[in-house]
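K.L.:
One predicted model, sequence on top.
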There are 2 protein chains.
Amino acid sequence: MSVSTKLSSSVKALCFLAECSPTPKTSKEIAENTGINASKLRKLLSLLSKSKIVKSNQGTKGGFQLLKSPSKIHLQEIYCAIEDRKAFHLKVSDINGYDGYDYLGYFENLFSNIQIDIEDKMTKISLLSVMNDLKIETKIK
Amino acid sequence: MSVSTKLSSSVKALCFLAECSPTPKTSKEIAENTGINASKLRKLLSLLSKSKIVKSNQGTKGGFQLLKSPSKIHLQEIYCAIEDRKAFHLKVSDINGYDGYDYLGYFENLFSNIQIDIEDKMTKISLLSVMNDLKIETKIK
DNA sequence: AAAAAATGTTACACTTACTGTAACAAATTA
DNA sequence: TAATTTGTTACAGTAAGTGTAACATTTTTT
């Protein structure tokens, strides 16, 4: 799954949970309301659960619930929870060698700075602000 | 080829041209000095030529030459010349629908802002500054 | 005019990554 | 104990990336 698909799917699922809180929602219910495959959702929500953004309950009457209020959840958090690789993924396998200059180091540094900018930007965007922009009502502020 | 590979390969080739200017260098010569496949180089340099960053000459005594001084070539230019797609490529095929909210528009907007930041950053970096950072001597300033 | 040399472009096989789904173990509730 | 739900793994099918070769096109030299 690409970074943007994972992020947007996660946000969509989290928005749905905020809309319906506080009762837990199963991956099946979320799937029916978002159009995202239930198995895919479980993978994403399981990562979000490890980062304490949602709470998951197995078994009958189980499902997923928000663990933090939408105003306290930021895109950067979601992004870091679901993504191990960096957004601007750097392929540097063979740009070095031959002439002895450190192109590898140069571009690693450049892309890592870009990465920092992206994360800064996302740190400033809360789930609540996304919901406000999209005019989604929320039960939890 | 990934964005970062294309960009770093292009920069490497352009640095080599700046080092050896003003005599034209063939894709074979550049390949031998950079370790980048000659056919790949011709593809990249042909794009850079369409953007007037290099000049290409076919036939005997042909090859590639810088058309601008390294201080006037910026990473953003190179990046735009070789890349039609955006760096932070957005997959939005199916994040919409079902609940009627415009997630698609939201994320397109977000990623397009990120894109602008990335390009701003690259606009500020000249080929000459890359060469200075890497301590590469240049015949053309 | 012909041969040689170089770019420009297309094509292709190979590999890698992505995608969607299914299957099933583990956990929880009734 | 049975039913339900998450968590995780696996896998087939598809798409994308990679490296290279082949050859047409252009230019220079003889």
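P.N.:
Now that the structure is in, tell me what you want to look at.
K.L.:
Residue numbers of chain A in contact with DNA strand D?
P.N.:
Residues of chain A lying close to DNA strand D (CB under 7 Å from any atom of the strand) are A:25-28, A:38-39, A:42-43, A:45-46, A:49, A:56-64, A:91, A:93-94. (Glycine included, C-beta is placed from N, CA and C.)
K.L.:
Which of the residues you listed fall in strands?
P.N.:
A:56, A:57, A:63, A:64 (DSSP state E).
K.L.:
out of the residues of chain A next to DNA strand D, which touch DNA strand C?
P.N.:
Counting by CB under 7 Å from any atom of the strand, the members of these near DNA strand C are A:39, A:57, A:58, A:59, A:60, A:61, A:62.
K.L.:
Pick out the most distant pair among the residues you listed.
P.N.:
Across those, the longest distance by CB to CB is 20.7 Å; it joins A:39 and A:61.
K.L.:
Heading C-terminal from the helix or strand of chain A with the lowest mean pLDDT, find the next helix or strand.
P.N.:
Taking mean pLDDT, DSSP states H and E as the measure, helix A:103-123 is the helix or strand of chain A with the lowest mean score, a mean of 86. Scanning forward in sequence from helix A:103-123 by DSSP states H and E, the next helix or strand is helix A:127-133.
K.L.:
got the contact list for that following helix?
P.N.:
A:11, A:14-15, A:18, A:69-71, A:73-75, A:78, A:137-138, A:141, B:106 (CB atoms under 8 Å, 6 or more residues apart in numbering or on different chains).
K.L.:
now stretch A:63-73
P.N.:
A:13-14, A:17-18, A:21-27, A:29-30, A:45, A:49, A:52-57, A:126-128, A:131, A:138, A:140-141.
K.L.:
What's the PyMOL syntax to select whichever of the residues you listed are buried?
P.N.:
Typed into PyMOL, the line below selects the buried ones among the contacts of stretch A:63-73, using 16 or more other CB atoms under 10 Å in any protein chain shown:
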select buried, chain A and resi 13+14+17+18+21+24+25+26+27+29+30+45+49+53+54+56+126+127+128+131+138+140
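K.L.:
now, which of the contacts of stretch A:63-73 lie within helices?
P.N.:
Those of these mapping onto helices are A:13, A:14, A:17, A:18, A:27, A:29, A:30, A:45, A:49, A:127, A:128, A:131, per DSSP state H.
K.L.:
I'd like these as a markdown table, with pLDDT appended.
P.N.:
Formatted as a markdown table, those follow (pLDDT from 0 to 100):
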| residue | pLDDT |
| --- | --- |
| A:13 | 94 |
| A:14 | 95 |
| A:17 | 95 |
| A:18 | 94 |
| A:27 | 95 |
| A:29 | 94 |
| A:30 | 93 |
| A:45 | 96 |
| A:49 | 95 |
| A:127 | 96 |
| A:128 | 96 |
| A:131 | 95 |
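K.L.:
Much appreciated, bye for now.
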